[in-house]
Structure formats: C-alpha cells, structure tokens
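Visitor: quick one: sequence and predicted model below, then my questions.
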Amino acid sequence: MDIKACLLITAWLLPLVGFAVEVFGGYWSHHAPGGRFKSRLAAYLSVGCIGGGFLLSLAALLIGLSDFDLTLWGTPEHGSDHAAAQFAVADAPHPAEHAVAHASHGGTEVQYVSGSLYELARFGKLRIAIDYYIDSLTLVMFTMVTLIATCIHVFAIGYMDDERTEDHVDHQVQTADGSHLHRPGRYYRFFAYLSLFCFSMLGLVLAGNIFMVFIFWELVGICSYLLIGFYVERHSASTAANKAFIVNRVGDFGFVIGLMILITSFGTFNFRSYNDHADAPQPPGLFEMARDDHGKVHVVETNDTQRVITFARANGSHTSIPYWLLVTAGLGIFAGCVGKSAQFPLQTWLPDAMEGPTPVSALVHSATMVAAGVYLAGRFFPVFLPEVLLTIAYTGAITLFVAATIAVVATDIKRVLAYSTISQLGYMMLAIGLGGWIAGLFHLITHAFFKSLMFLAAGSVIVGCHHEQEMTRMGGLRKKMPVTAYTMLVGVIAICGLAIPLHWIIPGLPGGWDIAFSGYHSKDAIVATALTYASLNPIHSLLFLAPLITAGLTAFYMFRLWFYTFAGKPRDQKLYDHCHESPRVMTTPLLILAFFAIFCAIGGEGGPLFNLLGASETQVTDVAGSGIDLPTHADIAQYHGQAGVLALLVAGLGALLAYLMYCRRQPDPALIKRQFAATHEFLVEKWRFDELYDAMFVRPVHVIASWFARFDLRVLDGIVHRIARTGITVSAWDRKFDEGVVDRSIDWVAEKTQEVARSLQAVQTGRLRQYVMFIALGVVTLFVLIFTLFPLFPKT
Amino acid sequence: MEVTLNHYLLIGAVMFVSGVVCMATKRNGIAVLMGVELVLNGANINFVAFARYTNLGLDGQIVSLFVIVLAAAEAAVALAIALNFYNNHQTIDVDQGDRLKG
C-alpha cells in the first residue's frame, strides 16, 4: 500500500481509538489522583490522538509533495491546458466515435492514489466499500483539519475545565424549585465526542467513494448533534441540536436521491479507478466516466432528448444517460452540501448551533461540519453540469449576502461569527459554482484558520467575561485581554481581506508579494473569478456584485465586532472589572492559529497552498449550448488586478465606516438604527426565515398533527374503547354462564357422589361374619339372576 | 345303589354350605378358617367329580390340586394373621377386628 495512504489511514483511525477508550473507560478517569476533581487524562488522550494525526498528516503531505512532483512557487501555465481542451463541439453525426477518440487521447492526468481497504457489502452491481482517495486536496484538508482540531482540543482543555467536577452547576438551567441545575461534569464525554467528530471528518475527507462520504457525512451530522446538544438540560441547546439534525435531513434527502441516480446510471460509487496495488485495469470511477480526459462533457441528441455520454474506458465502450438525470443527480448531491454547509435556504440551523460549547462552534465552523459541504461540492465538481454550477453560484451569492446583512445587526458575539461563517461559505460555494474551483477551496482552507481563530478568541472572551456573550455589555477589553484581542484582530483583518498591495507601489512585483493575511489572497481569487465570470456572461453580473458588496459588509460587521468588544470604553463596568485574560493553555492555540491565519496563504496565487490545491483541479470545460462560459485561468489573470482594487477598496470602506460609527460615533449607530427601524428589525429577525419556515412547514405540520390527534382521540380511541366495553360485557355474560351452568353441574355431580358415599358408609360394619353373609347372598343372587336371565339349559 | 355325579355334587354342596354357615356364624377366627377349608374342599369334590364323570379330562384334578396348594398357603398366611391378631387384641374373636369400619 502507498505510504501516504498508510499514514493518513493511521491518522484517521487514531481519533477513533481515542473515542473508544474514552467512551468505555472515561468514567474511571476521575479515580485518578486529584481529589474531588476529575483528572485531565481524557483531554490528554484526545489531544495526543489528534496531535499524532496531525504529525502523520504532515508527514504524508511532505511525502506527497515529492511523490506528486509538485511545484510550490510560481504560477504554472494553466492556460495552455485549457487551450488544448478547446475543441469542436461533439454534435457531429457520429458523436460516439468522436468522443471515444478524444477519450483515448491522453490529457493532463490528476495525480492521485486510490485503493480499497475493506469491502463492506456487495449487492449485485452495488458495491459498498471503505476506499481511500488521496490527492493533494486530501493531503491539504487532512493537515488543515488535524492542525485546527489539535489547537481546538488544546483550547478546550482550558475552556471545559469547569466540567472537571462531580458537581457542576449550570447557571442557565432552572430546576423546578428555582435553584440552578447541579449535575456531574462531563469532561471525558466532551473529549470523546470531539474525537469522534474528528474521526468522522477525516473519514469523509479520505473517502474514495461517494457512499463512504455519505456514511461519514451522517457521522459528522450525529457528532454535531451530540455536541450542539452538549448542555442537554438547556432547552435551547436540545432544540438547536434537533434543528441542526432535522434541517440536515432535508439536504440529505436530496443527497440520497443523487446517490441513487449515480448508482443506477453509472453503476459505481468510486471517484476514480483504483491505482494502488491494482494489477489488472480497474473499472473507471464517476469522474472518469462523466468527462473525457480534457474535462469535456459530451452531449448527444437522440429522439429529442439530450443525453450525456458516460465513458467506460477499460474496454473503450461507452453508454449514455439522460442529461436531465445527471443534472438532477448533481442538484441532489448539492442539496446535501446546502444542508451541511448551511447555505440558503437551509442556513437557519447554523446560528442556533451556537448553543454548543465554544470549541465545538469553532470546530463546526471551520474544520469539520460546514467544511464538509464545501469539500464535497469541490470534490464532486467534475460531475456537476453547467445548470448545477449555476444553481450553486446563485445559492452561494444569495447566502453570502443574506448572512452578511444579518451579521451587521447581531449583537451576540458568537452569532456575528456564525453569520459571517455562513456568508464565507457562500463565497466558497459561489466560487465553485463559477468554476473557480481552486479559489473556493483556497478560501475554505484560509477561512478555516481565521474562523477557528476568531471563534476561539470569542470563546476566550466568553470565559474571561464569565459566560457573557452580548457585545453590548463589553467594550475596552483589549486592555484586559491583550493576547485575545490582537489575535482576534488578526482574524478580523484576514476575513476582511485588508492588505497593503505592494505590487501597486512597486510595479513589476508579483501579487504574491503583497503584505497581506491569508484571507486577502483567497477572497481576492474569488472576486476575480466572479468579475471574470460576470464579464464573460453579462447576464449574471449579479454574481459579481453580491460578493463585492458583501466584501464591504464583511469588513463592516467584523470591525464592528472588534470595536464593540475590544475598543472604546467599558459599557458594563462590573463585567469589565471581573474580566481576565485566559490561561496560557487557551491563548497558545490562539497564537498558533493567528500564525497560520497570517501565513497559510503566503505567496497568494503563486504560493504553495494555491499550487497544492491546483494540482488536484480537474480539467473542466464548458458544455456546448449551455450558454455559460466558465472562466479559464488565463481569463481570470486578466481581470485579477481590477478585481483586487475593487475588493480592497470596498473592504477598506467597510472597515472605515465601522471605525467611524463604533469608535467615533459619527454617524451615531443608534440614530441610524432609529431611522431604519423597520429594516433593522427585519434583519434582527434574520430575514424572518425562521418565521417563514414556521408558517410554511412547522405550523401546517402542527395543524395536520392536531387533526390526526383529534381523529385519534375521537375515532380510533372511540373504536378501541367500544371494543373494550363490548369485551367487558361479553365477559360478564360468560362469567354468569360459567358460574351458573358449568360450575353448578360440576358441583352437583360432586355433591351426589359424596351423598352416595355417605349412604354406603353404613354397609361397612367391620363385621367379618356379616361380610361372609353378603358374599354368600351375593353369589346366590348372582346365580339366580344368571339362571333366570340367561337360562343355561333352555327349555325344550 | 350306584354312586352318580349327583351324589358327589350333593356332598360338595353340603360341605360348601356347611363351610359358609361356619364362616358366617363362628366368632372364633380359627373356626372361620376351618369354614374356609370346608368351602374349598367342597369345591374340590365338585372339580374331581366333574373330572371323573364327564369327558373333560384331567383338568378337574389338576385344578383341585392347585386349590389344595392354595389352601395350604392360605392357611399359613391366615394362621400368621390370627397370631398377630391375638397379639394385638388378646383374643381371636373376629368381631373385635372392626377398626376399619366406615
């Protein structure tokens, strides 16, 4: 087996080991020395597992660099590959031969390692197996997930410290007698869940077929359910956990439909054919069947229906499936991504998921749960047809704008971050939908770093302020908690995309040399893609305006958050006085994440991260007749400078406005709030999505449920009661019959028998001589009877 | 006068009735046993007489031999009972043995 696969599989299984040990043995960990406090053993085990996973992933990444022969610096010539792929549309009279000819023609191959670990089941054509698929995207995701998860685990050692007791008091839960809830701490349980969460996410990233993705997809869902509902006694937490799970069900419904279409039309779940330890030629995977080597989807017209040719390269044969079916499959898979990545219209669960402990929020919002959706959308990119990509783009555009507007008015520090996550996920989806595959995943990685950083910083603020989350009560905290404040500032600048673009000042310098944090590069790439797309397809120029305007909004609300929390004068003196900087176990992860938030995208689009991701990009060219031109790398390069200027300008404006409003009070935010009271309220109520869903789905279901309840009470219960009553009546009769007839007849027989026995008692005199007389008389009588009744000598 | 079957049957019947009367009237246990012997031997005479005067072969004789053996065994058992009875009641009056009456 490939060495990278070995390393990654070990890294993947380590958290599972941690989980198993803690679930089965965690209960005893409080018997370790430490008096009435439980020991930190569980936390150390989890950190060790995920940290070990990080080291293995890093090793695999380094090995992968040499194995895949990647150039890390500089901009590779993408344009030429695309130029080669621009060939005539396959509408010729014999499109099949045409297509096959091109399919056999060797194009640029994606470098990957794929193999099968274990076959779970085989039902005819359907094969369910644990496969692995490793390309540079997998390696980057593994390293990112394990690194962030390690930081979050370490942070959680400090954050969850108050759970390390036998008598934890939950101040947010009132018991029936009015006191706060007392319960045993759940320290080890928290870390067990975290480990399982990491295991699920890593499994999802490692998966080599879409069915395995689905399995781990659901595992991630159940872990988030467990962790969001960690404070299960709080009603809001259990509701939020349910909401997250149920909303995800809606998306997963589409996912399952997509899976069914894929298995029936392609007959395989594999991404690509196995090439690790495969002697014989292996059957092709989904990506190889959907497009030819140049990333071209071949469409043919038969009997007025469009069909897509699927290639089965092993023997050069090919079949075709209806065009709309493949579109539906893509939309179904994307529906799953919408649910998991909290895209419009299923975005409502993510802000509620803030009910979980803050490390969980950080993990959910950066490396795991929501990243899974974008990752899958990116992974499945080759199967998506233009209609699907357009849907993805518009979904992303709507999401990023809606979420950003809500974040502008939110006052709960975690909720602002939650909406910014939704908004940023919208950016990623938009980029993928626009064909900016690398840009989207680039942003996924950079966002993971600065968003986990900001969430952990927010967690540090929350712990420092004794579980106060309302920003309206904070202020001036940077003096009390400098490390938290300035690492948070790093995150804020990164997400806003502020930078000093050196190449404007010094002409001739490549863009990668700008003094900028990671977010600048990735957001720049997305805005550039959007601008290119909009100029190629002017009808979709909204897809450029939305991210551009939202870039300003993002800068505004993020700086608003920072100014509210850390700058200015304390709004609540009592809270401020009791506030303190967090212990080192919590600030160290902040510093590490801040480092990566600054440097992980170093070099921008000529840097290592971008080139690493670029190595996994599948060649994708447009489908003829779809009316959409996907921008090529060469196109994007043309518009890049222009887009960068615009994005930076808008972001700068947003940040400036935030500074004026929340530091200078000029214009006064309260005044604006009064003037736009209706809009403000609309935004505070989150565009009334919850109300809308309440009216559209929840209440009708309640009404129907009440109908059924009434039907149940009146009709079904009535029938059942009547049957019961009839049963009782019949039994009463039966009892009467039983007592009156059956019992009495039996009793009568018994009584008579006893009477006869009593009367016969007199005969038993005990006198021997009398008995002899009886015998003699009896014999005589018998003889007389016999002789009279049966004459021995008949009279003749 | 020639001795015929009927003579024997008459003697047998007389013996049988005497035995039964003896059993029914005597209170002495030993006397009752003697009555039993009379009954058995009356029956024996009938068997032997039928064997002699009809063409039934030796069956009658053999049955009477069985009866004699049976009577001997019966006497042994009955005398043992009588002894035990005497041990318990200091008498062999059979009217005293009415403990099991209903």
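Guide: Cool, the structure landed.

Visitor: rest of the way, CA atoms for contacts and neighbours
Guide: Will do.

Visitor: OK, contacts around the residue nearest to A:Tyr520 when sequence neighbours are not counted?
Guide: Distance criterion C-alpha to C-alpha, 6 or more residues apart in numbering or on different chains; nearest residue to A:Tyr520, sequence neighbours excluded, is A:Gly497 at 3.7 Å. Residues in contact with A:Gly497 (C-alpha atoms under 8 Å, 6 or more residues apart in numbering or on different chains) are A:Ala516, A:Phe517, A:Ser518, A:Gly519, A:Tyr520, A:His521, A:Lys523, A:Asp524, A:Ala555, A:Leu648, A:Ala651.

Visitor: and the helix or strand encompassing the fourth one, what does it pack onto?
Guide: Under the criterion of DSSP states H and E, A:Gly519 resides in helix A:518-536. When contacts are defined as 3 or more C-alpha pairs under 8 Å, 6 or more residues apart in numbering or on different chains; DSSP states H and E, helix A:518-536 sits against helix A:413-433, helix A:437-464, helix A:482-496, helix A:542-566, helix A:584-599, helix A:633-662.

Visitor: what would the ones you listed look like in JSON lines with distance to chain B, mean pLDDT and mean neighbour count?
Guide: Listed next are those as JSON lines, based on distance: least, C-alpha to the nearest C-alpha, whole Å; pLDDT from 0 to 100; neighbours: other C-alpha atoms under 10 Å in any protein chain shown:
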{"stretch": "helix A:413-433", "distance to chain B": "101", "mean pLDDT": "89", "mean neighbour count": "29"}
{"stretch": "helix A:437-464", "distance to chain B": "99", "mean pLDDT": "88", "mean neighbour count": "28"}
{"stretch": "helix A:482-496", "distance to chain B": "109", "mean pLDDT": "88", "mean neighbour count": "24"}
{"stretch": "helix A:542-566", "distance to chain B": "110", "mean pLDDT": "88", "mean neighbour count": "25"}
{"stretch": "helix A:584-599", "distance to chain B": "101", "mean pLDDT": "87", "mean neighbour count": "21"}
{"stretch": "helix A:633-662", "distance to chain B": "118", "mean pLDDT": "83", "mean neighbour count": "19"}
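
Visitor: mind putting those in TSV, distance to A:Phe787 included?
Guide: Listed next are the helices and strands packed on helix A:518-536 as TSV, based on distance: least, C-alpha to C-alpha, whole Å:
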stretch	distance to A:Phe787
helix A:413-433	119
helix A:437-464	120
helix A:482-496	129
helix A:542-566	128
helix A:584-599	123
helix A:633-662	133
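
Visitor: find the nearest non-adjacent residue to B:Val17, please.
Guide: In space, and not counting its chain neighbours, B:Val17 is closest to B:Val39: 7.4 Å by C-alpha to C-alpha, 6+ apart.

Visitor: the one you found - that's part of a helix, no?
Guide: Yes. Using DSSP: H, G, I helix; E, B strand; the rest coil, the secondary structure at B:Val39 is a helix.

Visitor: quick one: contacts for it?
Guide: Residues in contact with B:Val39 (C-alpha under 8 Å, 6+ apart) are B:Met15, B:Phe16, B:Val17, B:Ser18, B:Gly19, B:Val20.

Visitor: next secondary structure after the helix or strand harbouring A:Thr319?
Guide: Following DSSP H and E, one finds A:Thr319 within strand A:317-322. Remark: after strand A:317-322, the chain's next helix or strand is helix A:323-340, criterion DSSP H and E.

Visitor: contact residues of chain B facing chain A?
Guide: Applying C-alpha under 8 Å from any C-alpha of the partner chain, one finds that chain B approaches chain A through B:20, B:23-27, B:94-95, B:97-102.

Visitor: neighbour-wise, which of these leads?
Guide: B:Met23 (28 neighbours; other C-alpha atoms under 10 Å in any protein chain shown).

Visitor: from what I see, that one and A:Arg769 are in contact.
Guide: Yes. Counting by C-alpha atoms under 8 Å, A:Arg769 is a contact partner of B:Met23 at 6.4 Å.
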